[in-house]
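In: The sequence and its predicted three-dimensional model are supplied below.
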Amino acid sequence: MKNIIHIGAKAILSLILLLPIVGSTGALGEATRDLYNTDQAFAFIEMLVQIMYINYMMAAVLIVALIALWTRREALAALLIAPITVNVVAFHLVLDGGLFTSGAVMGNIMLLLNIYLLWKNRESYNPLLRPSA
């Protein structure tokens, strides 16, 4: 049963991670004002779309994280997506009206799944947290 839950969590997280990758290709269309709760949130997203650097860098990191997630490197995948997850949640918390808006649902799920993976692989991080000689 634990294995089924774990594979399900990885599959859901993978689908969430695929959305920005597909979005950076333009396949999902352009962001419109009605998708966001505030003008500041929409302006921020418009700026990111115009620059495109962040979109391509994030897509590259997410691709590496997806590969790591499914090649028995879950601890690495969880660390790679942690900063992205924090930024998604912070965006919704600060700019888009809070964590309980409809736009924040996937970010919240991503946060919970990332916390799950970080906790499940916590023993793998001991060498990173140990002081160096």
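Out: Received the coordinates, thanks.
In: where exactly do the helices run in this structure?
Out: For the chain, the helices defined by DSSP state H cover 2-24, 39-51, 53-70, 74-94, 105-120, 126-129.
In: now these in CSV, with mean pLDDT, distance to R33 and mean neighbour count?
Out: C-beta here means a position set from N, CA and C on the backbone, and glycine is covered the same way. Formatted as CSV, these follow (pLDDT from 0 to 100; distance: least, C-beta to C-beta, whole Å; neighbours: other C-beta atoms under 10 Å):
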stretch, mean pLDDT, distance to R33, mean neighbour count
helix 2-24, 89, 17, 14
helix 39-51, 89, 5, 14
helix 53-70, 91, 19, 16
helix 74-94, 94, 16, 18
helix 105-120, 95, 19, 17
helix 126-129, 89, 42, 8
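In: can you tell me how far the residue sitting nearest the centre point of the chain sits from A77?
Out: Nearest to the geometric centre of the chain sits T85, at 4.1 Å (C-alpha atoms, centre = their mean). T85 sits 11 Å away from A77, going by C-beta to C-beta, to the nearest Å.
In: what do you get for L99?
Out: Per C-beta to C-beta, L99 is found 23 Å from A77.
In: Over to N87?
Out: 17 Å.
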